[in-house]
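Enquirer: Pasting a predicted model and its sequence here:
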Amino acid sequence: MKVLIIEDELQLAQSVIGYLSGESYVCEHAATYQQAMEKLSIYEYQCILLDLMLPGGNGLQLLEEIKKRQQQEGVIIISAKDSYDDKIKGLQIGADDYLAKPFHLPELAARVYSVIRRRSFQNNNILQQEELQIDLLAKTVHIHDKPVLLTRKEFDLLIYFLGNKNRVISKNALAEHLSGDIADMLDNHSFVYAHIKNLKRKLHEAGCGNYLKTVYATGYKWEV
């Protein structure tokens, strides 16, 4: 799952990135209003952490731009401006949550997880499709009630597909999802093919149905 941290305090941003990366999130950082707009115009995210006081612009204005995109991403405002009016306005514009600084990193991670779960998986911790069962909290996969061992990247791909059922996902989008904005610097996307090949093999060997389809010259789709 990809998270964009829009925060001009470098030390705080690095702490958040370090903690969330340890929780298996792919994190990207924007320190200014303009950097955030540039990233949002190119990439997709599952959750955005938004500071209200940014160089070059106002966080609430940026939130309005984010909501115009009509994407699935959730937004959590993180701000030292612990103002009642800011909270109300941010939530009215469309933020999913508001967390005042200073905050504990485990609480932030729990809120990120909650927003993504609500946005992508209808608030469920357990995802079930026929013989396939996924526990989002435990990060485990069972097929026909037997455990299937996946790598971190394979698990991330699996839940990304399940969060985008019946939608064709391009190879570029998958590369960005797994690697963040450094995907643009890679010569090719062979690592995407390798992860998907291994994921399909493990699911097939465990007796899972052929839900993950290759769409010729386009990408992949999880069919239901």
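Expert: Structure received. Numbering: from 1, shown residues only.
Enquirer: Mind jotting down where the strands sit in this protein?
Expert: Secondary structure of the chain (DSSP state E): strands located at 2-6, 26-30, 47-50, 53-54, 57-58, 74-79, 97-100, 126-129, 132-135, 140-143, 146-148, 169-170, 212-215, 219-222.
Enquirer: Dump the third one to PDB, keeping only the CA atoms.
Expert: So that's strand 47-50. Output for strand 47-50, consisting of C-alpha atoms alone and laid out as PDB, is shown next (Å, rounded to 0.1, in the frame of the first residue of the first chain):
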ATOM      1  CA  CYS A  47      -3.600   7.200   1.900                       C
ATOM      2  CA  ILE A  48      -2.300  10.700   2.100                       C
ATOM      3  CA  LEU A  49      -1.000  12.300   5.300                       C
ATOM      4  CA  LEU A  50      -1.500  16.100   4.900                       C
END
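Enquirer: which other residues reach that strand?
Expert: 1-7, 16, 59, 62-63, 66, 73-78, 95, 108, 112, 115-116, 119 (C-beta atoms under 8 Å, 6 or more residues apart in numbering). All C-beta atoms are positioned from the backbone trio N, CA, C, and that covers glycine.
Enquirer: and it, average pLDDT?
Expert: Per-residue pLDDT over strand 47-50 has a mean of 95.
Enquirer: what's the answer for the longest one, then?
Expert: For strand 74-79, mean pLDDT rounds to 91.
Enquirer: circling back: and the strands of the chain as JSON lines, adding distance to residue 157 and mean neighbour count?
Expert: Below are the strands of the chain laid out as JSON lines (distance: least, C-beta to C-beta, whole Å; neighbours: other C-beta atoms under 10 Å):
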{"stretch": "strand 2-6", "distance to residue 157": "12", "mean neighbour count": "26"}
{"stretch": "strand 26-30", "distance to residue 157": "12", "mean neighbour count": "22"}
{"stretch": "strand 47-50", "distance to residue 157": "18", "mean neighbour count": "26"}
{"stretch": "strand 53-54", "distance to residue 157": "32", "mean neighbour count": "17"}
{"stretch": "strand 57-58", "distance to residue 157": "34", "mean neighbour count": "14"}
{"stretch": "strand 74-79", "distance to residue 157": "20", "mean neighbour count": "23"}
{"stretch": "strand 97-100", "distance to residue 157": "26", "mean neighbour count": "17"}
{"stretch": "strand 126-129", "distance to residue 157": "14", "mean neighbour count": "14"}
{"stretch": "strand 132-135", "distance to residue 157": "12", "mean neighbour count": "18"}
{"stretch": "strand 140-143", "distance to residue 157": "12", "mean neighbour count": "18"}
{"stretch": "strand 146-148", "distance to residue 157": "13", "mean neighbour count": "14"}
{"stretch": "strand 169-170", "distance to residue 157": "10", "mean neighbour count": "16"}
{"stretch": "strand 212-215", "distance to residue 157": "9", "mean neighbour count": "13"}
{"stretch": "strand 219-222", "distance to residue 157": "9", "mean neighbour count": "19"}
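Enquirer: Could I get those in a markdown table, plus columns for distance to residue 203?
Expert: Output for the strands of the chain, formatted as a markdown table (distance: least, C-beta to C-beta, whole Å):
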| stretch | distance to residue 203 |
| --- | --- |
| strand 2-6 | 23 |
| strand 26-30 | 22 |
| strand 47-50 | 26 |
| strand 53-54 | 43 |
| strand 57-58 | 45 |
| strand 74-79 | 28 |
| strand 97-100 | 34 |
| strand 126-129 | 11 |
| strand 132-135 | 8 |
| strand 140-143 | 7 |
| strand 146-148 | 7 |
| strand 169-170 | 17 |
| strand 212-215 | 7 |
| strand 219-222 | 11 |
